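Engineer: A structural model of the following input is requested.
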Amino acid sequence: MTPSAQPPEETFCLTCGPDAALERHGAALHCPRCGNRELVPGLPLFVVTGASGTGKTTITGPLRRALPGCDVFDTDITLQVAELGWDTWRNTWLRLAHAIALNGRVTVLCGSLLPSQLETLPARKLVGPIRFCTLDCPDT
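Structural biologist: Numbering: from 1, shown residues only. Below you'll find the model as predicted:
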């Protein structure tokens with residue numbers, strides 16, 4: 001799989017246009033050009049991660065039952081997006097978590113994601129704190 005070219009900045013000011021990237025200041029996105037502000041939900045994003053075979057997919061059902069106020073996803077359901085590039089795939093999940101947070105719900109992603117893979121993505125500014133839980137199991 002070849003990495004794709006980075007898409008244009010997707011968090012831009014709707015008043016000023018695509019060349020005016022929004023900046024995150026606390027709980028809001030701010031346009032440095034016109035001053036418009038858009039609040040960003042402060043809900044956390046939870047990521048259940050781990051190596052292949054540790055049970056990330058298996059845990060999604062029990063998590064859905066245990067956390068009825070959360071939307072729980074196996075990240076593999078959008079794996080075809082990775083054909084556009086791994087960062088595009090990861091960024092898509094951050095954008096979806098943001099859209100879910102706009103509805104007042106918390107997102108739980110179960111998949112092989114690392115903190116360093118999310119922090120530099122354009123959509124990182126759209127989500128609140130990201131909390132990681134690593135599943136581990138013995139090699140046997």
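Engineer: which regions of this structure lie under the pLDDT threshold?
Structural biologist: Screening the chain residue by residue with the criterion pLDDT under 70, one finds the ranges 1-10.
Engineer: helices of that one, start to end?
Structural biologist: Ranges of helices in the chain, per DSSP state H, are 56-66, 86-102, 115-118.
Engineer: so what touches the first one?
Structural biologist: Counting contacts by Cβ atoms under 8 Å, 6 or more residues apart in numbering, the residues outside helix 56-66 that touch it are 48-50, 70, 72-74, 76, 108, 110-112, 135. The C-beta positions use only the backbone N, C-alpha and C, and glycine is treated the same way.
Engineer: for stretch 41-52, report the contacting residues that lie outside it.
Structural biologist: Contact with stretch 41-52 is made by 27, 56, 59, 63, 70, 94, 97-98, 101-102, 104-114, 118, 127-137, as judged by Cβ under 8 Å, 6+ apart.
Engineer: for PyMOL, what selects the buried ones among those residues?
Structural biologist: Buried members of these can be picked out in PyMOL with the line below, counting by 16 or more other Cβ atoms under 10 Å:
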select buried, resi 56+59+63+70+94+97+98+101+106+107+108+109+110+111+113+118+127+128+130
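Engineer: tell me how far stretch 29-39 lies from the chain's centre.
Structural biologist: Relative to its parent chain, stretch 29-39 has a centroid offset of 22 Å by Cα atoms, centre = their mean, to the nearest Å.
Engineer: between the two ends of that stretch, how far is it?
Structural biologist: According to Cα to Cα, to the nearest Å, stretch 29-39 extends 6 Å from its N-terminal end residue to its C-terminal end residue.
Engineer: quick one: contacts for the one residue sitting closest to the centre of the chain?
Structural biologist: Taking Cα atoms, centre = their mean, the centroid of the chain lies closest to Leu94, which sits 2.0 Å from it. For Leu94, the residues meeting the contact criterion (Cβ under 8 Å, 6+ apart) are Leu45, Leu118, Leu121, Ala123, Arg124, Leu126, Val127.
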